[in-house]
Structures are given as structure tokens and as C-alpha cells.
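1. Dropping a prediction and its sequence here:
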Amino acid sequence: MSTHEQISELLVDFALRELSDQQSSEVKAHLTECQQCNRELRRLQAILECAANRRELWLDEQVCESAKEALFAVVANRAMKEPTPRLTIRLESIRRTIMKSKITKLATAAAIIVAALITFYFVGNPLAATVTFADVIKPILKAHTVVLDFIVGSEETGPVMHDIVIGSRIRRTFSNMDTIMIIDLDNAKMLTLDPPSKGAAYIDIQGPLREGTKNLVEFVRKVITNLKDLPVQALGQREIDGQKAVGFLARGHNEEITIWADAKTATPIRIELLYGQTLYILKNIEFDVPVEESLVSMDVPAGYTLSDKQFDMTQFTEQDFITSLRLYAEHLLAGSFPQSLSLEDLMNQTPRIGEKIGQLNISDEEKTQLGMTLGRGFVFFQQLGPNGVDWHYAGSGVKLGEGDKAIFWYQPKGSQTYRVIYGDLSAKDVAPENLPK
Amino acid sequence: MTFKAVVDKYSAAVMNTAIRISRDSQKAQDVHQEVFLEILRRWHKYNGQTNWGAYLYRTTVRKAIEMAKQSRMEPLVEQHEYPTLREGPDGPLRTAELQQKLTVCLARLPRRQADVFVFARIEGLSYAKIAELLDCSQETVRVHLHRALKRLGRELSHYL
């Protein structure tokens, strides 16, 4: 290598003043006789000078203040929007369309149940007291027994769940599948029942899954407790399911709750909770009505056969998630990946994928394993956000096998690199600067 | 910390970082809004341990570069007065014009190189501070900066 080439390699470091005294002297000596290196150095110095000039740029306080005001105006404007009128669907009509086909006993129940275990993670903030809407929230906060229907996402398309809540136990049934789920939150255990096949199984939800599994009513209570001292917007009167109702809107940083209550008794009729980007609608609510305790019994009902399979949901891996994506693409979406990984979509699609697994020409044991893997894949995905993991889904429009297209990436806790999953479902570590644009 | 408290505390810092990258007060305001609205959308993902100063610094730089990338074909709206550079080998180039070209080329750099260049040469941070912000070693910072400057020199060689 000639002296010119050697010095040329040092010019960037020289411009950045990163060379030793001896190296600097060598560069300076070369510069006295090399026009090319001189030009190159002047380019580099001009760039650095330009960059350094920008340090002097400061905005006037008033400009900063008006930017802040504009931001708060946008935030307030978004939050104050009136609730969109939604089509009222009677639950009975939904239940008539319940999928009747068997889903291979309990083989895929685990996946379905995990999809239904909505993981509520709440980040609340202590807030100063100003106005309360105590009358309306009192029954929600105090009731021991609550019976309700709740919908995840759109009222037109979201799956409807029916909950009977007695203390820390919940009996949950679904509009789009036959499975019955009884959850014992105190002992982190679930009993799942499949009425068509008379199958039953216990599922352990210890560990991370337990942390994220909350009683929906308790979750609503927590949101209300955190919002009740904020200014509440009165929404006036509206007729809901034939009842005159008065509405209140309370808004937090990441949650917004609208409660419509009977205009005479102040008993809540309908609650709309917007949490993050997911909407939960609670309706047909009854507080402290007499409910048969046996409905939330953890004993296997007469006539049901308890499965001897171990349903372990306590461990989940990236590979489970990858297998879940494969199941979706191969068996449900004609070789494409889902358009989104929204909770509403996942909950709507899970029974169908369970059905597909049930139709596969494999043994019951293999079906069970696939169902379990699907469930663990959900858990893996659902715990990313609440654990502060940065993730991104880009699978919409990508076909299974397209190895050059990244469909999902996330940065594992403590890692300096990202895990990137591609359309051929290969996965590798990628430095942040090399992530897909 | 509440969302409002985060905005109150860091709003001006976000604006000033954004203006140094975009060099346009309207664009800086757009960056400011995007950064905080994104935080609001993801509010549930944060926990009480979030280092808002560092997080917002990184996010603002990233967002400003991304927005510069999207709008790089637009003409420069604001011209700031700077002293004219000394005459280059291929003729004089006003600093304002070079500044615009620099923003365009900065937006084309690989993500980590662009971030490091902004922190080191526009924000004037030490390698140690940048390493802490980006959770990497000082040597990594040095390498990224070296590559960034080399590439910027190559990209801007037609203008200088």
C-alpha cells in the first residue's frame, strides 16, 4: 500500500481528531504535497462544521410552548370524540350462529382458552381528586357477583363472551365456540369443558400467564379506581336497549371509559373501555343477582371425562410463536400471514384454526401438541408488549416461504440485537441498524 | 410520572433536538407531536423504570431522521443565515444549501450510523454518553461515527 493510500485511510480519523500525535504528523506532512487528500479532508471538515453549526439552533420558548399546546389540543380532541353509534346485536341471535362443529375434543382447547385469556396489564397513575361519578361506579366497585357479556373489538364482528363472576372465580362461555372455561384466579387453575365431546381438562396457569390473567370486572374496577377522581364528562341522555340512560366519560393516559347507567337507578347498563388500541364492551350487566355457586365449581361435572393429558402453559418460546404463524398461514389463510395480530382477529380466528387442526390426518396426541403449541405461541406474543419488549409485525401481504421478507421482529430483554422472523419462518439475530426499513 | 408531566418536562428538549435535525420549525413541531402521540399510544407498555430523558432523546432523533427521509424531496422551507463556507474545490457552496444536502444524506445512512452522527456531531455528546444512550460500547460508537462520516463524505463529494 502506498503512502497516499495509507494516509487516505486515516483522513476520517484525522478529521475526527482521533489519531495519535505521530499519526497526525504523518498525515499533515502528506497533506502538504497531496491535493487529492486535501480536497477529501476539506469535504469532511465542511460536513463536521455544518453539523457543529446546528448546535447553535434553539427555538424560542414561545414556539416550544405553542407546540406543547398544539399537542394537548390534539390529545384532547381525540379523547372527546363522541362514542360511535354501534349496531345493537342481540346475543340470542349470535348464539344461534355458534359454530356447531366439534373441534376434536380438547386437542385445541388450550389454544382457544389462551386466546380468551385476555392479558390485562395496567399502568395506572395516582391522580388528584376533583369530580367523582360515585353513584354510577358504586355497583361496579362493590358487587360480589356480576353477570355480563363482553365483546373484544367491534360490536359487529368481535366475539362475545358471557361471564359469570363470583368473587375470584369466573365461568366464561363464548359466542363462537362451545368451550366452557372456569377460572380459579386464587389458585391459578382452569377447568375447561367441551360439551360436544364431554371432555374436560385442567390447565395450570401459574407463572407469567397468571400475572396477565385478570378478572375483567377487576380490571374495570382498577381502571375506574384510577380514573374516578379525574374530571368526568357528562354525555347526556341516550336510549340503550330500550332504557333511558345517562352517560359519563372518564379519560386517562392510555384508557378511556364510558359508562351508560340507568337514568333512574344509576345502575350501569353498558361500559365501553378503550384500553390502548383495544375496545372492550360490557353489556347486559347484572350486579349481585343470585347465581348458583356450582356454576363456578372446579369439580368435573358428571358425565364428563377428565383428560389425562398435561396441559402446560407455563413455558413458551419463540418457536411456539413461529409454529402458530405457520398454522395460520398453512391452514387458515391459504399460505398468507395474518393482516394483523390484533386481539380481536386472533380471538375470531382461533376456533377456525382449532377446527382445521381437528381435521388434520394426525393422531390425537399430535393434535393435542399442535393445540398446545398454538396456545403457547399466543402467550409468547401477548406477553411481549406488557413486558416492555419492542416488537413489530409486518406480515400483512407476505406469503409463507418468502424468505427475503421479514414478518416480525422483537428485541428480547437485555439483548442488543433483534430477533427477526422471515416469511419462510426462519429466524435470526439482526443488529438494530440492519432492521427492515 | 404522568403523561402531562413527561410532556411538560421534555417538550422543549424534544423541540430543540428536532429543529437541529430538520432545521424547520414546522417540521420540528411535527416531530414533537409524533413523538409524544406515539408515547401516548404505547403508554401501557411503559413501566415506572422508564428513563424518559434518554428514551425521548433517542426517539426524537430517530423520528426526526425518519421524517427527513420522508420529506427529503421537498424544497427547504426555511433558510437560516450562516456564514458562507470557504470556497471548495468545485466552487463555493452556501452553507444553507450544504445543510440541506447534509440532512438528505443523513436520512440515507444506516439507522445506527445516523443516530451516532447526530448525537456526536450535531448534539455534541461524548462517546461515553452516546454509548450509554444507545446501550453499546464506546468502540461501537466510534466505528459507527467513522463509517457515517466516511459515507457522508462520499455522498456529498459532488457538492463539495
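-> Right, received. Where do you want to start? Numbering: from 1, shown residues only, chains lettered A, B, ... in the order given.
2. does A:Q237 sit in a helix, a strand or a coil?
-> Look at A:Q237: counting by DSSP: H, G, I helix; E, B strand; the rest coil, its state is strand.
3. What are the buried residues along stretch A:328-343?
-> For stretch A:328-343, burial by neighbour count (16 or more other Cβ atoms under 10 Å in any protein chain shown) applies to A:Y328, A:A329, A:H331, A:L332, A:L333, A:S336, A:F337, A:P338, A:L341, A:L343. Bear in mind the C-beta positions are built from the backbone N, C-alpha and C, glycine included.
4. can it be found next to chain B?
-> No: on the criterion Cβ under 8 Å from any Cβ of the partner chain, stretch A:328-343 is out of touch with chain B, staying 13.1 Å away.
5. Please put the alpha-carbon coordinates of that stretch into CSV.
-> Below are the C-alpha coordinates for stretch A:328-343, written out as CSV (Å, rounded to 0.1, in the frame of the first residue of the first chain):
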residue,chain,number,x,y,z
TYR,A,328,-52.3,-19.7,10.5
ALA,A,329,-50.7,-19.4,7.1
GLU,A,330,-50.9,-23.1,6.1
HIS,A,331,-54.4,-23.9,7.4
LEU,A,332,-56.4,-20.8,7.6
LEU,A,333,-55.1,-18.1,5.3
ALA,A,334,-54.2,-20.0,2.1
GLY,A,335,-50.5,-19.5,2.5
SER,A,336,-50.6,-15.9,3.7
PHE,A,337,-49.8,-14.4,7.1
PRO,A,338,-52.5,-12.6,9.1
GLN,A,339,-53.2,-9.0,8.2
SER,A,340,-52.7,-8.0,11.8
LEU,A,341,-52.1,-9.7,15.2
SER,A,342,-54.9,-7.8,16.9
LEU,A,343,-56.6,-9.5,19.8
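6. Which residues are in contact with the closest residue to A:K68 other than its chain neighbours?
-> In space, and not counting its chain neighbours, A:K68 is closest to B:S11: 4.5 Å by Cβ to Cβ, 6 or more residues apart in numbering or on different chains. Neighbouring residues of B:S11 by Cβ atoms under 8 Å, 6 or more residues apart in numbering or on different chains: A:C64, A:A67, A:K68, A:L71, B:H32, B:F36.
7. at 7 Å what do you get?
-> Neighbour list for B:S11: A:C64, A:A67, A:K68, B:H32 [criterion: Cβ atoms under 7 Å, 6 or more residues apart in numbering or on different chains].
8. Pretty sure it sits in a helix.
-> Yes: the assignment for B:S11 (three-state DSSP) places it in a helix.
9. And the pLDDT for it?
-> For B:S11, the pLDDT comes out at 94.
10. so what's the backbone phi/psi at B:E132?
-> phi -70, psi -40 (degrees, to the nearest 10).
11. Let me know how buried it is, in neighbour terms.
-> 15 (other Cβ atoms under 10 Å in any protein chain shown).
12. Please give the element, helix or strand, for the closest residue in space to it that isn't next to it in sequence.
-> Distances taken as Cβ to Cβ, 6+ apart put B:A54 closest to B:E132, at 7.5 Å, once the chain neighbours are dropped. Using DSSP states H and E, B:A54 sits within helix B:52-70.
13. Need the contact partners of that helix.
-> B:1, B:6, B:10, B:14, B:17-18, B:21-22, B:27, B:30-31, B:34-35, B:103, B:106-107, B:114-115, B:118-119, B:133.
14. Show me which of those are buried.
-> Neighbour-count burial (16+ other Cβ under 10 Å) applied to those gives B:6, B:10, B:14, B:17-18, B:21-22, B:27, B:30-31, B:34-35, B:103, B:106-107, B:114-115, B:118-119, B:133.
15. C-alpha coordinates for the host helix or strand of A:V63, CSV please?
-> Following DSSP H and E, the helix or strand that holds A:V63 is helix A:61-79. Taking Å, rounded to 0.1, in the frame of the first residue of the first chain, the C-alpha atoms of helix A:61-79 are listed here in CSV:
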residue,chain,number,x,y,z
GLU,A,61,-39.7,29.5,24.3
GLN,A,62,-42.9,30.6,22.8
VAL,A,63,-42.6,28.3,19.8
CYS,A,64,-41.9,25.4,22.2
GLU,A,65,-44.9,26.4,24.3
SER,A,66,-47.2,26.6,21.3
ALA,A,67,-46.0,23.2,20.2
LYS,A,68,-47.0,21.8,23.6
GLU,A,69,-50.4,23.5,23.5
ALA,A,70,-51.0,22.1,20.0
LEU,A,71,-50.1,18.6,21.2
PHE,A,72,-52.5,18.8,24.2
ALA,A,73,-55.2,20.1,21.8
VAL,A,74,-54.8,17.1,19.6
VAL,A,75,-54.8,14.7,22.6
ALA,A,76,-58.0,16.3,24.0
ASN,A,77,-59.7,16.4,20.6
ARG,A,78,-59.1,12.7,20.1
ALA,A,79,-60.4,11.8,23.5
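16. how distant is it from the center of its chain?
-> How far helix A:61-79 lies from its chain's middle: 28 Å, per Cα atoms, centre = their mean, to the nearest Å.
17. Contact partners for the residue of the stretch 1-150 of chain A found nearest chain B?
-> Proximity to chain B, evaluated over the stretch 1-150 of chain A using Cβ to the nearest Cβ, is greatest for A:A51 at 3.9 Å. Residues near A:A51 by Cβ under 7 Å, 6+ apart: B:L102, B:R121, B:I122.
18. Just the pLDDT for it.
-> 92.
19. same check, this time on B:M73
-> 43.
20. and if you look at A:V160?
-> 79.
21. any idea how far A:K367 is from the closest residue to it other than its chain neighbours?
-> Take A:V160 and drop its neighbours on the chain: the residue closest to it by Cβ to Cβ, 6+ apart is A:S175, 3.8 Å away. Counting by Cβ to Cβ, to the nearest Å, the separation of A:S175 from A:K367 is 24 Å.
22. where does residue 37 land on pLDDT?
-> Picked chain A for this. pLDDT, A:C37: 91.
23. hm, I was asking about chain B
-> 89.
24. what's the neighbour count on it?
-> 14.
25. Now the one helix or strand it maps to - C-alpha only, CSV.
-> In the assignment (DSSP H and E), B:L37 maps to helix B:25-41. C-alpha atoms of helix B:25-41 as CSV (Å, rounded to 0.1, in the frame of the first residue of the first chain):
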residue,chain,number,x,y,z
SER,B,25,-39.7,24.8,13.0
GLN,B,26,-42.9,23.4,11.4
LYS,B,27,-41.2,20.0,10.9
ALA,B,28,-39.8,20.2,14.4
GLN,B,29,-43.3,20.6,15.7
ASP,B,30,-44.5,17.7,13.6
VAL,B,31,-41.7,15.6,15.1
HIS,B,32,-42.6,16.8,18.6
GLN,B,33,-46.2,15.8,18.1
GLU,B,34,-45.4,12.4,16.6
VAL,B,35,-43.0,11.6,19.4
PHE,B,36,-45.4,12.3,22.2
LEU,B,37,-48.5,10.9,20.5
GLU,B,38,-46.6,7.6,19.9
ILE,B,39,-45.7,7.6,23.6
LEU,B,40,-49.4,8.2,24.5
ARG,B,41,-50.4,5.3,22.3
